[in-house]
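Asker: the following block contains a protein sequence and its predicted model.
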Amino acid sequence: MTDSSERNSRGLSGWWVIAAWVVTIFLVWLRYGAWLGIRVEGNDPTLIPTGPLILPTLVLIVALVLTVIWARGWRRGRAEPSPGLSRRRFLLGTAVSVGGVAASAFGAFARNYRWLTVTSRNIQAETPQKDPNPLAEWEGSRVVEYRRLGRTEARVSDISLGSGRIHPERGGEEVARAAIDRGINYFDTSPDYSAAGSETALGRAMKGRRDQMFVATKFCTPRGDLPAGSSVSQYMEVVEESLKRLQTDHVDLVHIHAVNTVTRLLDPNAHEAFERLKEQGKVRFLGFSSHTPNLEQVANAAIDDGRFDVMMLAYHHGAWPGLASIVERAAAQDMGVVAMKTLKGAKHRGLLESRAEADSYTQAAFKWVLADPSVSCLVISFFEAQHLDEYLFASGKRPTSQDHALLQKYDQLIAGRHCFQHCGACLDACPENLAIDDVLRYRMYFEDYRDEKEAMRLYARLDRQADVCTGCSGPCLGSCPHGVPIPAQTKGAHRMLTLERA
Ligand code: SF4
Ligand code: SF4
């Protein structure tokens, strides 16, 4: 870039400029790359510290200043640029600045190249999302059975639309509209499904047909659940925002979302917000949804409380013993019961060619759930047109012996390998207080649902991540009654759900 004679005559050595840019590129790669990784994984941006960005930013500025000094040939002690300004050096300095900034940015992005991998079309295409050999008789399937949703007195489609993966930019509006055409009249949505995209898509799809639909949403923000102790106005505001996105003046049902403690279930502010919204005609009924680990405790508390009109629970074949009696108790109190997670972890990709046992695993699993008369309906994610044919073919049907055989085959396939209950029975075995059930649920979203970005976003928001398993002796091993090898699963989950920053 320069030699000693030039340095002496023109001031700053070019080697200083080169050194400054090398340091800049390294620091930007290191710190901006890490920051970007945390950001794209879906962490709350307000919680990501920006302090580590100060040093690379300052070094970047220094590199730019040194480049300008070098390009203009300033000498120490001179206020004005050299009259012999070299056009060649000016152009070279500009090129060095642009190249240095570009190389720094490239470094930060390159550090997160795996993000491209998890979102690539290639990976999506490799994963079957539907039966590759649909039967002709499935074509044009419609809802044939409507069931009473407890004391709401609504009659809802036995197979209904869960919209966790619906997004306006991925054809969600069209799928939702087609679902209405096929007789689905119950939509389950939430502000945090597809970062509010689900409500937006459903709002557009329902235009002019709102009166045909029973719409359920959640007390929640696009970023996640409202914690216990949120103010009444916060609870009310999130519903107001949902109404705007759904383009409606009311929702039929609002759930307290993903309840894992009785404290959240009975938060007086949530209940007061519901009462006020009900008085204003903006909501009609109250419900709650729950996965685990305290599902039984939460569900029993809700039944005893008496204020909940509907419960939405993870309910699938082979559900643990207490669950069927909970569903029965709820129905006896005239609560509507909505089943979710009915595919028991969606590990059925290996069963897509199961014609020997039954037509379709998904249909067998739905029929098993709907055989329980206490269940009002099940919700399942439709996000492709073929799902309407495949899933709705099970509407109104009861399981056959072939279906039971297929479900048994499924259980054999996943036995001892897969956390499908998310029951939390292992939690006490972890000295690090890792939410093993959540970690493995998000792994399921990534690996089986193929909803990679959403899984990473949810995982990023956990208080503790499974990097704590590295170096742990694994006292949790053997604590799962279903034989899940927890340490291997959680470590694998961490690799899957993060960009593994150094
Ligand atoms: S690993 Fe086993 S014990 Fe732990 S949540 Fe999953 S199924 Fe339950
Ligand atoms: S391996 Fe992980 S989940 Fe198991 S006890 Fe250790 S930290 Fe907890």
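Answerer: All right, it came through fine. Ligands and ions are numbered 1, 2, ... in the order given.

Asker: which secondary structure element of the protein has the lowest mean pLDDT?
Answerer: Across the helices and strands of the chain, the lowest-confidence element by mean pLDDT, DSSP states H and E is helix 121-126, at a mean of 35.

Asker: helices or strands up against the next helix-or-strand element following it?
Answerer: Next helix or strand after helix 121-126 toward the C-terminus (DSSP states H and E): strand 146-148. Using 3 or more Cβ pairs under 8 Å, 6 or more residues apart in numbering; DSSP states H and E, the elements in contact with strand 146-148 are strand 155-157. In this view, the C-beta of every residue, glycine as well, is placed from N, C-alpha and C.

Asker: the nearest residue to Asp249 once chain neighbours are set aside: neighbouring residues, count only.
Answerer: Leaving out its chain neighbours, the residue that sits closest to Asp249 by Cβ to Cβ, 6 or more residues apart in numbering is Leu243, at 6.6 Å. By the criterion of other Cβ atoms under 10 Å, Leu243 has 19 neighbours.

Asker: show me what contacts Leu243?
Answerer: Counting by Cβ atoms under 8 Å, 6 or more residues apart in numbering, Leu243 makes contact with Asp249, His250, Val251, Lys282.

Asker: so which of these is the most crowded?
Answerer: Val251 (25 neighbours).

Asker: could I get the phi/psi values of it?
Answerer: The phi and psi values for Val251, taken as degrees, to the nearest 10, are phi -110, psi 150.

Asker: could you check how far the residue nearest to Asp249 is from Gly203?
Answerer: Distance from Leu243 to Gly203, counting by Cβ to Cβ, to the nearest Å: 9 Å.

Asker: repeat that for Val232.
Answerer: 25 Å.

Asker: next one: Ile69
Answerer: 57 Å.

Asker: related to what we said a few turns ago, check the contacts of Leu243 against ligand 2 and report the nearest one.
Answerer: Nearest to ligand 2 out of the contacts of Leu243 is Val251 (Cβ to the nearest ligand atom; 38.2 Å).

Asker: please name the residues that touch Arg111.
Answerer: Trp29, Gly33, Ala34, Leu36, Gly37, Arg501 are the contacts of Arg111 under Cβ under 8 Å, 6+ apart.

Asker: can you check Gln234 too?
Answerer: Contacts of Gln234 by Cβ under 8 Å, 6+ apart are Leu226, Asn269.

Asker: and stretch 409-422, how far apart are its ends?
Answerer: 20 Å (Cα to Cα, to the nearest Å).

Asker: number of nearby residues for Arg142?
Answerer: 15.

Asker: how about residues contacting stretch 61-70?
Answerer: By Cβ under 8 Å, 6+ apart, the surrounding residues in contact with stretch 61-70 are 2, 11-14, 16-17, 20-21, 23-24, 89, 93, 96-97, 100-101.

Asker: kindly recompute the last result at 6 Å.
Answerer: The list of residues contacting stretch 61-70 from outside it, by Cβ atoms under 6 Å, 6 or more residues apart in numbering, reads Leu12, Gly14, Trp16, Val17, Ala20, Trp21, Thr24, Gly93, Val96, Ser97.

Asker: could you pull out the buried residues of it?
Answerer: Neighbour-count burial for stretch 61-70, counted by 16 or more other Cβ atoms under 10 Å, picks out Ala63, Leu64, Leu66, Thr67, Val68, Ile69, Trp70.

Asker: around ligand 1, pick out the residues from this structure.
Answerer: 419, 421-426, 436-437, 440, 480, 482, 484, 486 (Cβ under 6 Å from any ligand atom).

Asker: do that again at 8 Å, thanks
Answerer: With Cβ under 8 Å from any ligand atom as the criterion, the chain meets ligand 1 at residues 292-293, 419-427, 436-437, 440, 479-484, 486, 489.

Asker: out of those, who's near ligand 2?
Answerer: Among those, proximity to ligand 2 is found for Cys426, Ile436, Ile486 (Cβ under 8 Å from any ligand atom).

Asker: ok, those residues vs ligand 1, which is closest?
Answerer: Using Cβ to the nearest ligand atom, Cys426 comes nearest to ligand 1 of these, at 3.4 Å.

Asker: check what pLDDT the nearest residue to the closest one once chain neighbours are set aside gets.
Answerer: Closest residue to Cys426 apart from its sequence neighbours, by Cβ to Cβ, 6+ apart: Ser479 at 4.3 Å. For Ser479, the model assigns a pLDDT of 90.

Asker: distance check, Ser479 against Asn260.
Answerer: In terms of Cβ to Cβ, Ser479 sits 19 Å off from Asn260.

Asker: the two: which has the busier surroundings?
Answerer: Asn260 (20 against 16).

Asker: let me see the contact set for that one.
Answerer: Asn260 neighbours (Cβ under 6 Å, 6+ apart): Asn294.

Asker: I'd assumed it was in a strand, is it?
Answerer: No. Counting by DSSP: H, G, I helix; E, B strand; the rest coil, one finds Asn260 to be coil, located in no strand.

Asker: tell me the confidence at it?
Answerer: So, for Asn260, pLDDT stands at 84.

Asker: report the separation between it and Asp181.
Answerer: 37 Å.

Asker: Gly208 too?
Answerer: 13 Å.

Asker: who has more neighbours out of the two?
Answerer: Neighbour count, other Cβ under 10 Å: between Gly208 and Asp181, Asp181 has more, with 11 against 7.

Asker: quick one: contacts for that one?
Answerer: No residues are in contact with Asp181 under the rule Cβ under 6 Å, 6+ apart.

Asker: hang on, the earlier thing: what helix or strand does the residue nearest to Asp249 sit in?
Answerer: Per DSSP H and E, Leu243 falls inside helix 232-246.

Asker: got a list of contacts for the helix or strand following that helix?
Answerer: Downstream of helix 232-246, the first helix or strand assigned by DSSP H and E is strand 251-256. Outside strand 251-256, the residues that touch it by Cβ under 6 Å, 6+ apart are 214-219, 270, 283-285, 287-289, 310.
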